[in-house]
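>>> turn this into a structure:
(one chain, ligands or ions: 1)
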Amino acid sequence: MIYPIVAYGDPVLRKVAQDIDKEGTTDIKKLVDDMFETMHAANGIGLAAPQIGMNLRLFVIDGSETEDEEIKNFKQVFINAQILNEEGDKWAFEEGCLSIPSIREDVMRPSKLRIRYYDADWNLHEEEYSGMMARVIQHEYDHIQGVLFIDYLSGLRKRLLKGKLNNISKGDVKVDYRMKFPIKK
Ligand code: NI
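Sure, this is the predicted structure:
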């Protein structure tokens, strides 16, 4: 099932997401399948549960559709993730987000991280990532912390983008996948 992707301005994108209870009622396998399907339909390489309106600590990554050597074999489900440590020189990369279409901006992030998470079979992992893999994880992890990439921009950049962001919230943006906009016109 393809979900509409929640657009900038929806409060769900600003919440710290809740851990998923392994014994709870959420059908994780189905939700993970739906998230990959939704992400692929929008040509994304990462998607977090808040972006489909669910306040859960879950994100998926699949770089297989890209030409990027570092991430084209990177496909992973991250449940109840916690970044334990970030280190290394900060580097700039131009990021975009399915919830903030038409805006791309350089973001500075540390080059390495250590993360603990469960996969879709509830196996616990603790791993280190660097480079582009770390970059994609950091962006998606931010989503389950209620943080968006535009938060890292300078005050000036944010002011310049304000009108565009308001338009996105209202649905005044050209986008080729289904979205849910928080402000009704
Ligand atoms: Ni995003």
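
>>> confirm that residue 136 sits in a strand.
No: assessed by DSSP: H, G, I helix; E, B strand; the rest coil, residue 136 does not belong to a strand; its assignment is helix.

>>> that one and residue 75 touch, don't they?
No: Residue 136 sits out of contact with residue 75 when judged by Cβ atoms under 8 Å, with a separation of 11.1 Å. Where you see a C-beta, it was placed from the backbone N, CA and C, and this is true even at glycine.

>>> which of the two has more neighbours?
Comparing residue 136 with residue 75 by other Cβ atoms under 10 Å, the one with more neighbours is residue 136, at 25 against 13.

>>> report the set of residues contacting both of residue 136 and residue 75.
Listed contacts common to residue 136 and residue 75 are 61, 63; contacts here mean Cβ atoms under 8 Å, 6 or more residues apart in numbering.

>>> can you pull the buried residues of the longest strand seen in the chain?
The strand spanning the most residues in the chain, taking DSSP state E as the definition, is strand 75-95. By neighbour count, and taking 16 or more other Cβ atoms under 10 Å as the criterion, the buried residues in strand 75-95 are 76, 77, 78, 79, 80, 81, 83, 86, 95.

>>> who does the last one bridge with?
Same thing as residue 95. According to DSSP bridges, the partner residues bridging residue 95 are residue 105.

>>> begin at 194, not 1, for the rest of this chat.
Understood, numbering begins at 194; the last thing we discussed is residue 288.

>>> ok, it to residue 214 distance?
Counting by Cβ to Cβ, to the nearest Å, the separation of residue 288 from residue 214 is 31 Å.

>>> next: the first one.
As for residue 269, its distance to residue 214 is 21 Å (criterion: Cβ to Cβ).

>>> also residue 375?
Residue 375 sits at a distance of 28 Å from residue 214 (criterion: Cβ to Cβ).
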